[in-house]
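Novice: this is the structure alone, sequence omitted:
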């Protein structure tokens, strides 16, 4: 993994109203707790967490902080006495990407081993390849990084959760940024998968709603050997700005654009959470990314939390989605403690309630003390006040606005008024 120094430029805060307006009402709502099991799952008295996270594939750069976040959470839980009087068991596994079937192989192995809750995948497209299997088997599916809006209304049996906000929110932030910077027309291009298609829709539409002209909007196959046709399409359209929504293949697309004279010194280029970072710039001349900006859903990571992650993995050079991974595990464990069972159907019924409407607590140990005293809890962990809605996802979020400097590094500081807060 290449170094990704994400020092914040700023953040914009947005609320659940955007999700509701874009996605409509969901027929199937998840429980807020105390309503019984959502399905009939298995129980052996031991909470077993399994991961389906990217060791390989086009999001492998996100793997190390996510794996570390999960491992740290399990260590903290077990140090505080575990769940149901026993240590939580952890089985880590690879998700690969949508070009492989690695995720399903990992899930099958986890099912055979008795995993109760699967943490992953990072890619929305990969999660869609096994979500139905987990629903059929009454297992919890909890992603720290899925952002596709399609999950909000998916028929998941109340078993799917995420600590990352929907791209309905990120798309609005990106559109607002473009309008604020005076962009009047743009081309939007995205990789062809649920993540790319969702973010394409929810960035281009609010841009148009605010008076921007969408010169062209299209998807591309990220597995293509070359992107010459896509590059020609952008260059021929000659927009003021380009929004590029993709993963690692974005480097190849940008190479073609730069060679064609579509460079950030003459055009505005915007990236998103799937591709922005220092890893994208390897092999490019210094200064070639100067001025390129992008959006990233992110929690403010404290130095203490970073130090704890580094103790787990001393080679970590990026912390993206580590807080969200940590909190996915802790929320699940607290829900299991409240349910008094490792039955996934009973745990799922308690997850939303763990994040809202009770007494604030910020660690597993402190929350457990409240639970044992009979107090309703509201867990706020390293990823912030998640406050899940009935869809099992955050109802508030913060987003960093990142930009590249002359060294092709993402840099900047977060402004105090833009720290994670509730609207």
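Specialist: Sure thing, it's come through. Please read these numbers as outputs of a predicted model, since none were measured by experiment.
Novice: strands of the stretch 151-300 of the chain, start to end?
Specialist: Here the stretch 151-300 of the chain has its strands, by DSSP state E, counting those that start in this stretch, at 160-162, 185-191, 213-220, 241-245, 268-271, 293-297.
Novice: tell me the first helix or strand C-terminal of the last one.
Specialist: Scanning forward in sequence from strand 293-297, with DSSP states H and E defining helices and strands, the next element found is helix 303-312.
Novice: can you pull the buried residues of that following helix?
Specialist: 305, 306, 308, 309, 312 (16 or more other C-beta atoms under 10 Å). From N, CA and C alone the C-beta is placed, and that goes for glycine too.
Novice: pLDDT value on the nearest residue to the last one once chain neighbours are set aside, please?
Specialist: Residue nearest to residue 312 in three dimensions, not counting chain neighbours: residue 68, with 4.6 Å by C-beta to C-beta, 6 or more residues apart in numbering. Confidence per residue is given as pLDDT, and for residue 68 that number is 98.
Novice: counting by contacts, list what the helix or strand hosting residue 68 packs against.
Specialist: Following DSSP H and E, one finds residue 68 within helix 63-79. Under the contact criterion of 3 or more C-beta pairs under 8 Å, 6 or more residues apart in numbering; DSSP states H and E, helix 63-79 touches strand 48-52, strand 89-91, helix 303-312, helix 322-339, helix 364-372.
Novice: switch the cut-off to 6 Å
Specialist: Counting contacts by 3 or more C-beta pairs under 6 Å, 6 or more residues apart in numbering; DSSP states H and E, helix 63-79 packs against helix 303-312, helix 322-339.
Novice: turn those into JSON lines, including mean pLDDT and distance to residue 291.
Specialist: Listed next are the helices and strands packed on helix 63-79 as JSON lines, based on pLDDT from 0 to 100; distance: least, C-beta to C-beta, whole Å:
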{"stretch": "helix 303-312", "mean pLDDT": "97", "distance to residue 291": "28"}
{"stretch": "helix 322-339", "mean pLDDT": "97", "distance to residue 291": "28"}
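Novice: circling back to that earlier point, in the helix holding residue 68, what counts as buried?
Specialist: 63-78.
Novice: can you add distance to residue 373 and give the helices and strands packed on helix 63-79 back as a markdown table?
Specialist: Shown next, in a markdown table, are the helices and strands packed on helix 63-79 (distance: least, C-beta to C-beta, whole Å):
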| stretch | distance to residue 373 |
| --- | --- |
| helix 303-312 | 26 |
| helix 322-339 | 12 |
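Novice: what's the closest of the ones you listed to residue 101?
Specialist: helix 322-339 (23.1 Å; C-beta to C-beta).
Novice: give the other helices and strands that the closest one contacts.
Specialist: helix 63-79, helix 344-354, helix 364-372.
Novice: the last one vs helix 63-79, what angle?
Specialist: Note on geometry: by axes from the mean of the first three to the mean of the last three C-alpha atoms, to 10 degrees, helix 364-372 and helix 63-79 are set 50 degrees apart in direction.
Novice: for helix 364-372, buried residues please.
Specialist: Going by 16+ other C-beta under 10 Å, helix 364-372 has these buried residues: 364, 367, 368, 370, 371.
Novice: can you check the second one too?
Specialist: For helix 344-354, burial by neighbour count (16+ other C-beta under 10 Å) applies to 344, 345, 346, 347, 348, 349, 350, 351, 352, 353, 354.
Novice: on that earlier part again, okay, the helices and strands packed on helix 322-339 in a markdown table with distance to residue 335 next?
Specialist: Listed next are these as a markdown table, based on distance: least, C-beta to C-beta, whole Å:
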| stretch | distance to residue 335 |
| --- | --- |
| helix 63-79 | 12 |
| helix 344-354 | 4 |
| helix 364-372 | 10 |
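Novice: how about those helices, which one is nearest residue 287?
Specialist: Nearest of the helices and strands packed on helix 322-339 (C-beta to C-beta): helix 63-79, 27.7 Å.
Novice: and the contacts of stretch 350-361?
Specialist: Contacts to stretch 350-361, defined as C-beta atoms under 6 Å, 6 or more residues apart in numbering, come from residues 30, 32-33, 161, 331, 334-335, 338-339, 367, 370, 375-380, 386-388.
Novice: recalculate using a threshold of 8 Å.
Specialist: Contacts to stretch 350-361, defined as C-beta atoms under 8 Å, 6 or more residues apart in numbering, come from residues 30-34, 140, 161, 331-332, 334-336, 338-339, 367, 369-370, 375-380, 385-390, 392.
Novice: out of the residues you listed, which end up buried?
Specialist: Applying 16+ other C-beta under 10 Å to the contacts of stretch 350-361 flags 30-33, 140, 161, 331-332, 334-336, 338-339, 367, 370, 377-380, 385-389, 392 as buried.
Novice: got a list of what the most centrally placed residue in the chain touches?
Specialist: Residue closest to the average C-alpha location in the chain (C-alpha atoms, centre = their mean): residue 145, at 2.0 Å. Contact analysis of residue 145 by C-beta under 8 Å, 6+ apart lists 62, 66, 121, 122, 123, 162, 164, 321, 324, 325.
Novice: out of the helices and strands packed on helix 322-339, which is closest to residue 157?
Specialist: Residue 157 lies closest, by C-beta to C-beta, to one member of the helices and strands packed on helix 322-339: helix 344-354, at 8.3 Å.
Novice: what's the next secondary structure element after that closest one?
Specialist: According to DSSP H and E, the helix or strand after helix 344-354 is strand 359-361.
Novice: each with direction, which strands does that next one pair with?
Specialist: Paired with strand 359-361 in the same sheet, following DSSP bridges, are strand 377-379 (parallel).
Novice: what pLDDT, on average, does the partner strand get?
Specialist: For strand 377-379, the per-residue pLDDT averages 97.
Novice: quick one: end-to-end distance for stretch 75-84.
Specialist: With C-alpha to C-alpha, to the nearest Å as the measure, the ends of stretch 75-84 fall 15 Å from one another.
Novice: right, I mislabeled it, should have said stretch 262-282
Specialist: 19 Å.
Novice: got any ranges where the chain has weak pLDDT?
Specialist: For the chain, the stretches with pLDDT under 70 are 1-35, 411-423.
Novice: if you set the cut-off to 50 instead, what comes out?
Specialist: 1-29, 412-423 (pLDDT under 50).
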